[in-house]
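Enquirer: No sequence on hand, only this structure:
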């Protein structure tokens, strides 16, 4: 955690669908440059909360700001200041590597010159310059995911939301992916990530664990392990999610 | 129960499976461990007679997957990776449908599915499309078992599933195994390997290793060290530049490190880190797990 500047501030975030409360009074902050793990069982309400934080859905109640903007009135500004990537959809398969970069950075309003310069340095860094004219569909999954992450932070957002970014990726590429995450966090980009790999929960600065719409635990992995008398985060997760 | 010999399969220029051979015994729980794109689904589809191999042979309970495919379909239960039941039929209707197609009834084999099905039975009049992920999974498993198959084949049943539900799912598999059903299951989660009797590690269409999880770990012939200190990211970068480092990877709360020439000099390592002013340094020997082995077999590039 680099600074104590709040990038997400959620106070009493609540979302109801009819009688069903998907997010029940969530209160938490996420800081600049922090890697924040957002964990929970399937159906616990993670996606609902994430959609609200991305400005895609309005909460029923609560005070929530992301990157300094209010989710009720400034959703469009939020969208410009965040990055997003998921396992399911990230890049256009029938566009090339450089076309995808041009497309996304164009959407975020970067100039042609900026895009040109940054594309070159990015592809060299990823060791993918020779593949710049290849279709995304021809790349291995691990490459796609690394590229998708780099594209998601290409416009230098304050925060990037990652929804199970490493699902199904081989163990070496999964670790290379985490190197990219660490590097981005070191450059003051806040990382908000969901994952089902509990070893990855250990890589986060802090994690929250959601159960049935509520945040049941929120702390550093070290403190959570101590508190729940657990050997690793997998045990912590099982203890919390199974209590119900 | 299952005999696969020299199977090859290509899609255009891509070799999806390269010379795959292995056997599964009766009542065995056999795991296919590998990432997306390794070839797991292709292989399972060949075994379930849904796809033809380019060459090689596969036999299920003595039946050939090409010549005797109709016989195989009667004795195999298959749960594909994508939820493939009828979304607009109810739980009960789906189960009745599959029972009828296989010429049996729910009553006849209720015992076999009781443990699993009883958990969703209270919702038996709900449409399958309206079920939660965990309930869909239980229904799919019940449907795959309703004709009392000799072999159960599951393609990534736990992908995208949370840690608690994953554990419950494996408990169910263990119970099914006790009923003398052979199980072939694929997964990208390396930690699930230890729950199988034997596993095959697969990467880019090639089998890297087939053995019991214990033996695979035994064959890891390097000294492995666990290292941690304050500021893990910096530690990772510094250890990559350490002249004696062979490989170093993040592993939960620790880094796993092997040294060149199979050295295991904790003092040398400690001095290096102490010189760099690290605090709370921890270094100790650690037993490898399947993921260490997998990465080592992949040719663990130091990157």
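Expert: Yep, that arrived. As the structure is a prediction and not an experimental result, all values here were calculated from the model.

Enquirer: my read: residue A:60 touches residue A:12, true?
Expert: No - counting by Cβ atoms under 8 Å, residue A:60 stays clear of residue A:12, with 10.2 Å between them. In short, each C-beta sits where N, CA and C put it, glycine included.

Enquirer: what's next to the longest helix along chain B, contact-wise?
Expert: The residue-count maximum for a helix in chain B (DSSP state H) belongs to helix B:163-177. Residues from elsewhere that reach helix B:163-177, judged by Cβ atoms under 8 Å, 6 or more residues apart in numbering or on different chains: A:41-42, A:196, A:198, A:234, A:237-238, A:241-242, B:27, B:29, B:112, B:115-116, B:133-134, B:137-138, B:141, B:145, B:152, B:154, B:157-158, B:161, B:183, B:185, B:189, B:192, B:195.

Enquirer: Give me every residue in chain A that's in contact range of chain B.
Expert: Neighbours of chain B within chain A, by Cβ under 8 Å from any Cβ of the partner chain: A:40-44, A:140-142, A:164, A:167-173, A:175-176, A:178-179, A:182, A:185-186, A:196-199, A:202-203, A:221-222, A:232-234, A:237-238, A:241-242.

Enquirer: Buried among those residues? Need that as a selection in PyMOL.
Expert: In PyMOL, a selection of the buried entries from the residues of chain A next to chain B looks like this (16 or more other Cβ atoms under 10 Å in any protein chain shown):
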select buried, chain A and resi 40+41+42+43+44+141+142+164+167+168+169+170+171+172+173+175+176+178+179+182+185+196+197+198+199+202+203+221+233+234+237+238+241
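
Enquirer: which ones are touching residue B:27?
Expert: Residue B:27 sits next to B:1, B:177, B:180, B:181, B:182 when contact means Cβ under 8 Å, 6+ apart.

Enquirer: and the third one, what is it in contact with?
Expert: If I follow you right, that is residue B:180. Contacts for residue B:180 (Cβ under 8 Å, 6+ apart) come out as B:26, B:27.

Enquirer: SS state for it?
Expert: Using DSSP: H, G, I helix; E, B strand; the rest coil, the secondary structure recorded for residue B:180 is coil.

Enquirer: Could you report the neighbour count for residue B:124?
Expert: Using other Cβ atoms under 10 Å in any protein chain shown, the number of residues around residue B:124 comes to 14.

Enquirer: separation between it and residue B:95?
Expert: Taken as Cβ to Cβ, to the nearest Å, the spacing of residue B:124 relative to residue B:95 amounts to 8 Å.

Enquirer: overlap in contacts of these two?
Expert: In contact with both residue B:124 and residue B:95: no residue, using Cβ under 8 Å, 6+ apart.

Enquirer: what helix or strand does the residue lying closest to residue B:7 once chain neighbours are set aside sit in?
Expert: Among residues not flanking residue B:7 along the chain, residue B:56 sits closest, at 3.7 Å (Cβ to Cβ, 6 or more residues apart in numbering or on different chains). Per DSSP states H and E: residue B:56 is located in strand B:55-60.

Enquirer: pLDDT of that strand, averaged?
Expert: Averaged over strand B:55-60, pLDDT sits at 96.

Enquirer: Give the full set of residues in contact with residue 154.
Expert: Using chain A here. By Cβ under 8 Å, 6+ apart, the neighbours of residue A:154 are A:83, A:101, A:104, A:105, A:108, A:110, A:118, A:122.

Enquirer: wait, chain B
Expert: Residues near residue B:154 by Cβ under 8 Å, 6+ apart: B:78, B:79, B:141, B:144, B:173, B:183, B:184, B:185, B:186.

Enquirer: need the helices for chain B, in chain order.
Expert: Counting by DSSP H, chain B has helices at residues B:40-47, B:69-75, B:91-101, B:110-117, B:133-145, B:163-177, B:213-218, B:232-240, B:266-275, B:290-297.

Enquirer: and of these, who's closest to residue A:27?
Expert: Of all these, the one in closest proximity to residue A:27, counting by Cβ to Cβ, is helix B:163-177 (24.3 Å).

Enquirer: can I see the domain layout of chain B?
Expert: B:2-213, B:225-287 (automatic domain parsing).

Enquirer: Residue A:127 is nearest to which of those?
Expert: domain B:225-287 (15.7 Å).

Enquirer: Could you list the residues of the stretch 51-200 of chain B in contact with chain A?
Expert: Within the stretch 51-200 of chain B, the positions adjacent to chain A are B:132-134, B:159-167, B:188-190 by Cβ under 8 Å from any Cβ.

Enquirer: what about 10 Å?
Expert: Residues of the stretch 51-200 of chain B lying near chain A by Cβ under 10 Å from any Cβ of the partner chain: B:132-135, B:137, B:156, B:158-168, B:187-191.

Enquirer: And the residues you listed, which of them are buried?
Expert: B:134-135, B:137, B:156, B:158-168, B:187-191.

Enquirer: Could you list the low-confidence segments of chain B?
Expert: Along chain B, the parts satisfying pLDDT under 70 run over B:300-303.

Enquirer: give the contact list for the spatially most central residue of it.
Expert: Nearest to the centroid of the C-alpha atoms of chain B, with distances taken as Cα atoms, centre = their mean, sits residue B:187, at 2.5 Å. With contacts taken as Cβ atoms under 10 Å, 6 or more residues apart in numbering or on different chains, residue B:187 has the following neighbours: A:168, B:31-34, B:40, B:154-159, B:166, B:170, B:193, B:195-196, B:199.
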